[in-house]
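[1] following is a predicted model, sequence given first.
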Amino acid sequence: MANVSLRNVRKTYPGGFEAIKGIDFEIGDGQFCVLVGPSGCGKSTLLRMVAGLETVTSGEVDIGGRVVNEIEPADRDIAMVFQNYALYPHMSVYNNMAYGLRNRGMPKPEIDTRVREAAQTLELAGMLDRKPRQLSGGQRQRVAMGRAIVRQPKVFLFDEPLSNLDAKLRVAMRVEIRKLQRRLKTTSIYVTHDQLEAMTLADILVVMNGGQVEQIGSPLDIYRKPATTFVASFIGAPPMNLIRLSGDEIRAQFAGDSRSAAETGILGVRPEDLAISSEATADGGITLNLTVEAIERVGAETFVYGTRARAEKAVSATPGELPEGEVIVRIPGQDAPAIGASIRATAPRDKLHLFSADGRNRIDI
Amino acid sequence: MEKTAVFKGKFLPYLLLVPQLVITLVFFYWPASQAVWQSFLREDAFGLNSEFIGLENYQALLAQPEYYKSMVTTLVFSSLVAALSLSIALLFATQADKNLKAAPTFKVMMIWPYAVAPAVAGVLWLFIFHPSLGTMARPLRLMGFNWNPMLNGNHAMALVVMAAVWKQIAYNFLFFLAGLQAIPRSVLEAGAIDGAGPYRRFWTITFPLLSPTTFFLLVVNVVYVFFDTFGIIDAVTGGGPAGATTTMVYKVYADGRLGGDLGGSAAQSVILMVIVIALTAIQFRYVERKVQY
């Protein structure tokens, strides 16, 4: 049970590369914090700095009120689940879980109780004598979890623990991890590049990009009010549509509220907030005239990919990866317009987002 | 996972085996069978004719106290060389595996001794430790140590062990280093988080995971000390003084080439061959069970 605070944490590698460019945030006791971002954004490095596997160039890492910068990983009272599980291949499942307890000189009967309890929880009871290579991916994953929970540490650290599993198992384990963490109430930091995992697991979501924090908040707050175009296109699938507007267009679009003062900007609208409509909106929302390019039916919903007339220019923000001029509309059910058809997509005014021209700031009323 | 190739004809698989079989036949089975046959013969001193004498060569050999002495010498020599060269090489490899700036240079320098021929290595060490010429002999004597491998059997043994170990470290080092690098970093990191210090981490994680490499090197090193150290012994001590460094393989050479007793020498070869085969079989049978794959 502990808070984790990062104070102006930086990491510079000997070659001069700055991996972490000054990060500040605090995770409350028992909270589940998810670090999310594209590969190379520094999220794993940051986690490894909390674990003590990477040195901290400057700033402070604080676990439970104690600055741990110079403290060995073993003495930080943390447990970590690695992406490749990092099980000890020559030890049985039982010994994999007992190893950390033995190293700390815990009496044998207590080790036995804890290991068997964890094995019960994780449905590994029948497999304690097996070696890791005799287990399936999901079982290995659970052994890795078991190794972390028997220690009863102050903090759990997860480094993309589900990315080696197949899609179905990933969903199941995601739910398991959340339930387990709720029950144990152990402060957790979880690194992932999967925005769905990030949204569903997090109490606090930290969106990272290029070694910096883009936004911190509850998942829904971030979804509803992304602070930058990067966050807007990273959180939510498919990504938010971003359309670059001129000063005149902004004045026309946002007439009557303070946002109309902006000179230029980027308008954002989520695919799920757009609807196909026979007439233009009248309430100050947005109307987009599109030519249908492609259709994706996923069953419960359908994604319509359209391109807009030349006059309306779109921007694609990294890594939103929407090509210039392309707009996605997400509609329920399977009924979709034909490819090549001209359609009109509309969204109400309160579903529109506006960002500064460089995409770095959100402009609110 | 089992990998099997299925051939349609009967002919091709055998054809593919031929080169390997020919090499084994010509370079192992044929000379080995010649040695076995020779060990039942007695040749006259001029090599003009030979007669079949059955097991007499073996009987004569086993009645020789020198033969048992050479067995003991071999045991001492081979255990010293194998133990020292394996443990020193492992120590060096663990150091080179750390992320040090000088590591690449260190690795290259570690490998050089392997490129030196055994006899040359022997001469090198002989020069360093020669009682009257050697660069190390004088300081040793100044320190009050009466160093003389020409007269003192223990000194001579120490010298050949040093030379043999020095040469074999390079080879063992290479394999240990490759083995260490194959251990996933994250497993050791997990060990660090699990509260194992560097020493404990090494003995409970690194060393067990390295055991396939260690086992392989053990087999190779035993064969090395039994046979390939011949050149070193010949160059440094010539088996002396008073047979103190006459290992079994050196005795084969000394009795056969120098003593002209071809039959007795062949009998020794056969016994040596049986011992090495047995040792290797024991290693595979018992040691390999403990190996973690």
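    That came in fine, so what should we check first?

[2] beta partners for residue A:294?
    residue A:305 (DSSP bridges).

[3] swap in residue A:156?
    Beta-bridge partners, per DSSP bridges, of residue A:156: residue A:79, residue A:188.

[4] so out of everything in the stretch 1-150 of chain B, what residue is nearest chain A?
    The minimum distance from the stretch 1-150 of chain B to chain A, using CB to the nearest CB, falls at residue B:101 (9.7 Å). C-betas here are computed from N, CA, C, even on glycine.

[5] now that residue: how far from residue A:14?
    In this view, residue B:101 and residue A:14 are 10 Å apart by CB to CB, to the nearest Å.

[6] tell me the SS of residue A:248?
    Of the three states, residue A:248 takes helix under DSSP: H, G, I helix; E, B strand; the rest coil.

[7] ditto for the one 4 residues further on
    Of the three states, residue A:252 takes helix under three-state DSSP.

[8] ok, it to residue A:49 distance?
    Distance from residue A:252 to residue A:49, by CB to CB: 48 Å.

[9] of these two, give the one with the bigger neighbour count.
    residue A:49 (25 against 12; other CB atoms under 10 Å in any protein chain shown).

[10] contacting residues around the more buried one?
    By CB atoms under 8 Å, 6 or more residues apart in numbering or on different chains, residue A:49 lies in contact with A:9, A:11, A:20, A:55, A:56, A:61.

[11] what strand or helix carries the nearest residue to residue A:349 once chain neighbours are set aside?
    Closest residue to residue A:349 apart from its sequence neighbours, by CB to CB, 6 or more residues apart in numbering or on different chains: residue A:284 at 4.3 Å. Following DSSP states H and E, there is no helix or strand that holds residue A:284.

[12] distance of residue A:284 from chain B?
    Distance, residue A:284 to chain B, using CB to the nearest CB, to the nearest Å: 54 Å.

[13] what sits against residue 169?
    Since you didn't name a chain, this refers to chain A. A:137, A:138, A:141, A:162.

[14] that's the other chain; I wanted chain B
    Counting by CB under 8 Å, 6+ apart, residue B:169 makes contact with B:85, B:88, B:89, B:92, B:110, B:113.

[15] run a quick neighbour tally on the closest residue to residue A:240 other than its chain neighbours.
    Excluding the flanking residues, the one nearest residue A:240 by CB to CB, 6+ apart is residue A:232, at 4.3 Å. Residue A:232 has 29 neighbouring residues, counting by other CB under 10 Å.

[16] show me what stretch B:11-28 is in contact with.
    residue B:7.

[17] and that stretch, what's its mean pLDDT?
    For stretch B:11-28, mean pLDDT rounds to 89.

[18] mind checking how far that stretch is from the chain centre?
    27 Å (CA atoms, centre = their mean, to the nearest Å).

[19] one more: stretch A:31-48?
    8 Å.

[20] residue 122 - how many residues pack around it?
    All of this refers to chain A. Neighbours of residue A:122 (other CB under 10 Å): 21.

[21] that answer is for a different chain, and I need it for chain B
    25.

[22] excluding its backbone neighbours, what's nearest it?
    residue B:235 (3.2 Å).

[23] next one: residue B:242
    residue B:153 (6.4 Å).

[24] does that neighbour touch residue B:239 like I think?
    No. Using CB atoms under 8 Å, residue B:153 is not in contact with residue B:239, being 10.8 Å away.

[25] these two: which is more packed in?
    Between residue B:153 and residue B:239, residue B:239 has the larger neighbour count (other CB under 10 Å), namely 22 against 16.

[26] strands of chain B, start to end?
    For chain B, the strands defined by DSSP state E cover B:41-43, B:50-52.

[27] which stretches of the stretch 1-150 of chain A form strands?
    Assigned by DSSP state E, counting those that start in this stretch, the stretch 1-150 of chain A shows strands spanning A:4-12, A:18-27, A:32-36, A:58-63, A:66-67, A:78-81.

[28] a markdown table for those strands, including mean pLDDT and mean neighbour count?
    Formatted as a markdown table, the strands of the stretch 1-150 of chain A follow (pLDDT from 0 to 100; neighbours: other CB atoms under 10 Å in any protein chain shown):
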| stretch | mean pLDDT | mean neighbour count |
| --- | --- | --- |
| strand A:4-12 | 92 | 19 |
| strand A:18-27 | 91 | 18 |
| strand A:32-36 | 94 | 25 |
| strand A:58-63 | 92 | 18 |
| strand A:66-67 | 91 | 14 |
| strand A:78-81 | 92 | 26 |
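
[29] a markdown table please, covering these and showing distance to residue A:226.
    Below are the strands of the stretch 1-150 of chain A laid out as a markdown table (distance: least, CB to CB, whole Å):
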| stretch | distance to residue A:226 |
| --- | --- |
| strand A:4-12 | 22 |
| strand A:18-27 | 17 |
| strand A:32-36 | 13 |
| strand A:58-63 | 26 |
| strand A:66-67 | 33 |
| strand A:78-81 | 29 |
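
[30] select, out of the ones you listed, the one closest to residue B:142.
    strand A:4-12 (53.1 Å; CB to CB).

[31] need the CA coordinates for the biggest helix by length in chain A. CSV is fine.
    Ranked by residue count, the top helix of chain A under DSSP state H comes out as helix A:167-184. C-alpha atoms of helix A:167-184 as CSV (Å, rounded to 0.1, in the frame of the first residue of the first chain):
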residue,chain,number,x,y,z
ALA,A,167,-6.7,-11.7,-28.8
LYS,A,168,-9.3,-13.7,-27.0
LEU,A,169,-7.0,-14.6,-24.0
ARG,A,170,-5.9,-11.0,-23.8
VAL,A,171,-9.5,-9.8,-23.2
ALA,A,172,-10.0,-12.5,-20.5
MET,A,173,-6.7,-11.8,-18.8
ARG,A,174,-7.4,-8.0,-18.9
VAL,A,175,-10.6,-8.6,-16.9
GLU,A,176,-8.7,-11.0,-14.5
ILE,A,177,-6.0,-8.4,-13.8
ARG,A,178,-8.5,-5.7,-13.1
LYS,A,179,-10.5,-8.0,-10.7
LEU,A,180,-7.3,-9.1,-8.9
GLN,A,181,-6.1,-5.5,-8.5
ARG,A,182,-9.5,-4.4,-7.1
ARG,A,183,-9.4,-7.2,-4.6
LEU,A,184,-5.8,-6.8,-3.5
